[in-house]
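>>> Model the following, please.
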Amino acid sequence: MAQRGGVIGIHFASQLIDDVYRQRQAVSGFHTELDRWQKEMKGKYPDPYQYMAQRYDMGTWQQTRGHQLEQSIPLPPLGKIVDHVDHIVQLAGIDHVGVGTDYDLGCIPVDVDRADKLPNLTRELLRRGYSRSDLMKIWGGNFLRVYRQVL
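Numbering: from 1, shown residues only. Just a heads-up that it's a prediction; the model follows:
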C-alpha cells in the first residue's frame, strides 16, 4: 500500500480489531443466530433493495435474538483502535493511514460508538505521541491526497 501511495482506513468494528471480542462473539452463538435471521429476512424480502433496507434498519435489528447476543459481549476499549493505527504506521508510515469507522457494522468501542465521541480518538492519539501534523493526515489528509491524485 505504501509503495503505491495508498491509504489504509482503520475500521472501528470490534470483531475486526479485537481477537478476544471476536472469540466471545463466536462462542456466544451470535453468528449462527445472525445467519438464521438473515435467511429469514431474505425469505421475507426477496428484492435485494428491500432486504438491505430491512437488514440495516436498527429498529428491526434491535428486536432480534442476534442483537441480544451481540449486546451481551463486552466491547473492547478505544485503545484497540489506536493499536491498529500504531501497527499501520509501523508497517506503512504515517502517510498511509486514515480513519475508516464504518459505523453500520455496529459493535463499536464505547468511547467512539457515536460520531460526537470521535474527539476521544484524537485525545488518545495525542496521548500516544502523535503530532498535530500526524492527526491532520489520519483525519482525512491522507485520503484527500489520494483522492486528488486519482482525480
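>>> Are we agreed that Ile10 is in a strand?
Yes: assessed with DSSP: H, G, I helix; E, B strand; the rest coil, Ile10 lies in a strand.
>>> what sits against the residue lying closest to it once chain neighbours are set aside?
Leaving aside its chain neighbours, Ile10 sits nearest to His84 (5.0 Å; criterion: CB to CB, 6 or more residues apart in numbering). Bear in mind the C-beta positions are built from the backbone N, C-alpha and C, glycine included. With contact taken as CB atoms under 8 Å, 6 or more residues apart in numbering, His84 is in contact with 10-11, 17.
>>> any idea which of the residues you listed is closest to Asp95?
Closest approach to Asp95 among the contacts of His84 (CB to CB): Ile10, at 14.3 Å.
>>> if we can go back for a sec, reformat the contacts of His84 as TSV; add distance to Lys44.
Converted to TSV, those look like this (distance: CB to CB, whole Å):
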residue	distance to Lys44
Ile10	35
His11	29
Ile17	32
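>>> of these, closest to Leu118?
The nearest one, if we look at the contacts of His84 relative to Leu118 and count by CB to CB, is Ile10, at 12.2 Å.
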